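1. Let's see this in three dimensions:
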Amino acid sequence: MDELESDVENKLKRAWEARGALVVKINPLGFRGLPDRLVIAPNGMILWCEVKRAGEEPRKLQIVVMKILIKFKQWVCWVDNVSDGVMYYEKMLKGTRWRMKWKK
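-> Residues are numbered from 1 along each chain as shown. Take a look at the predicted model:
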């Protein structure tokens, strides 16, 4: 059985916190499409992460907002599993930029 989005989110939260991050769930009022989580590293770097259940992809509005954040030089990703979320966090810490794949 596939994991629910909340299962992936909870496991990712624990994985990021184990690496020293502060993880904040975003519930914006009046700004639809923002990623689910802000992951703040101990060095002050911030990763915006949209979490999906396995096999799901972001909605069109979410992709538009993530692309806007990228234009503002933000670290942005979307993931549907824990290992990708950890990988993007660690790439951010190293300063390694990535090109987001919008369709799997």
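
2. C-alpha only now, for contacts and for neighbours.
-> Will do.

3. Identify the residues contacting the host helix or strand of Val39?
-> Val39 belongs to strand 37-40 when assigned by DSSP states H and E. With Cα atoms under 8 Å, 6 or more residues apart in numbering as the test, strand 37-40 has contacts from 16, 21-26, 46-51.

4. can you do 6 Å?
-> Residues from elsewhere that reach strand 37-40, judged by Cα atoms under 6 Å, 6 or more residues apart in numbering: 21-26, 46-49.

5. gap between that strand and the chain center?
-> Its chain's C-alpha centre and that of strand 37-40 lie 7 Å apart, by Cα atoms, centre = their mean, to the nearest Å.

6. strands paired with it, and their directions?
-> Within its sheet, and counting by DSSP bridges, strand 37-40 is paired with strand 22-25 (antiparallel), strand 46-51 (antiparallel).

7. Burial-wise, tell me which of those strands comes out on top.
-> For the strands paired with strand 37-40, average neighbour numbers computed from mean count of other Cα atoms under 10 Å are highest in strand 46-51, which has a mean of 23.

8. and the most centrally placed residue in the chain, what is it in contact with?
-> Computing the C-alpha centroid of the chain and ranking residues by Cα atoms, centre = their mean puts Cys49 first, at 1.3 Å. By Cα under 6 Å, 6+ apart, the contact set of Cys49 is 35, 37, 76-78.

9. Make TSV from those residues and add secondary structure, distance to Glu90 and pLDDT to it.
-> Below are the contacts of Cys49 laid out as TSV (DSSP: H, G, I helix; E, B strand; the rest coil; distance: Cα to Cα, whole Å; pLDDT from 0 to 100):
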residue	secondary structure	distance to Glu90	pLDDT
Pro35	coil	18	95
Arg37	strand	16	95
Val76	strand	13	97
Cys77	strand	12	96
Trp78	strand	14	96
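
10. any idea of the pLDDT on Met1?
-> On the pLDDT scale, Met1 is placed at 55.

11. meant to ask about Lys101
-> 77.

12. got it, and Asn81?
-> pLDDT recorded at Asn81 is 94.
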